[in-house]
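Visitor: Have a look; sequence and predicted model below, questions after that.
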Amino acid sequence: MSQFSTASQLPAAFPAVFAEGWALPKPDGFLGHFRPLIHDEAVFTQPLFPDARGPGEVEGMFRRLFALFPDMGLTVRNSAVEGGTVFIESACTATLGRKPVRFRVCDRFTIADGTIRARASYSDPLPVLLTGLRRPSSWPRLLRARMP
């Protein structure tokens, strides 16, 4: 976070910080990029996963996500910043059962004092679920990813 002269600069810069993090190797480069930004009491929510509280649970959630989708990529399409709230719309791609799966995501971040306090991810899980159902070889990975 040393790239920001004040913590108040993070919300405006966060869409670029987010894109930079997603371009890094997963999971370790990605987690190393975001870990310093996650507040100790942050809550992250997203479809198909239990809520994660604090950096340790958030890291566990993303490790399960990348175990399910080791090649997951994300491209930021749009973003909006209003005070400490940042919305980022993204297009995601991954492989599930040796076939591609694509889906859209909109993340809402609450940022205060230079840290992420909350993240709520909104997406339609149906494309991933239908893809998984059609590919029985992916069923064990889908079940493991959901478990805390």
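Guide: That came through, no problem. Residues are numbered from 1 along each chain as shown.

Visitor: can you pull out the helices in this protein?
Guide: Along the chain, the segments classed as helices by DSSP state H run 10-22, 28-34, 54-68, 126-133, 139-146.

Visitor: pLDDT averaged over the fourth one - what is it?
Guide: Rounded to a whole number, the mean pLDDT of helix 126-133 is 75.

Visitor: Compute the inter-axis angle for that helix and helix 54-68.
Guide: Here helix 126-133 runs at an angle of 50 degrees relative to helix 54-68 (axes from the mean of the first three to the mean of the last three C-alpha atoms, to 10 degrees).

Visitor: how about the CA coordinates for helix 126-133, as CSV?
Guide: Output of helix 126-133 as CSV, limited to C-alpha atoms (Å, rounded to 0.1, in the frame of the first residue of the first chain):
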residue,chain,number,x,y,z
LEU,A,126,-26.0,-20.9,-12.8
PRO,A,127,-23.4,-21.0,-15.6
VAL,A,128,-20.9,-22.6,-13.3
LEU,A,129,-23.4,-25.0,-11.8
LEU,A,130,-24.7,-26.1,-15.2
THR,A,131,-21.2,-26.5,-16.6
GLY,A,132,-20.3,-28.6,-13.5
LEU,A,133,-23.3,-30.8,-13.7
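
Visitor: so what's Phe4 scoring on pLDDT?
Guide: 47.

Visitor: Phe34 now?
Guide: Phe34 is assigned a predicted lDDT (pLDDT) of 97.

Visitor: what about the residue nearest to it when sequence neighbours are not counted, how many residues close to it?
Guide: Among residues not flanking Phe34 along the chain, Gly21 sits closest, at 5.3 Å (C-beta to C-beta, 6 or more residues apart in numbering). Quick note: C-beta positions are derived from backbone N, CA and C, even for glycine. Here the number of neighbours of Gly21 (other C-beta atoms under 10 Å) works out to 17.

Visitor: how close does the nearest residue to Ser79 once chain neighbours are set aside get to Arg134?
Guide: For Ser79, ignoring the flanking residues on the chain, the nearest one in space by C-beta to C-beta, 6+ apart is Pro15 at 3.8 Å. With distances taken as C-beta to C-beta, to the nearest Å, Pro15 is found 34 Å from Arg134.
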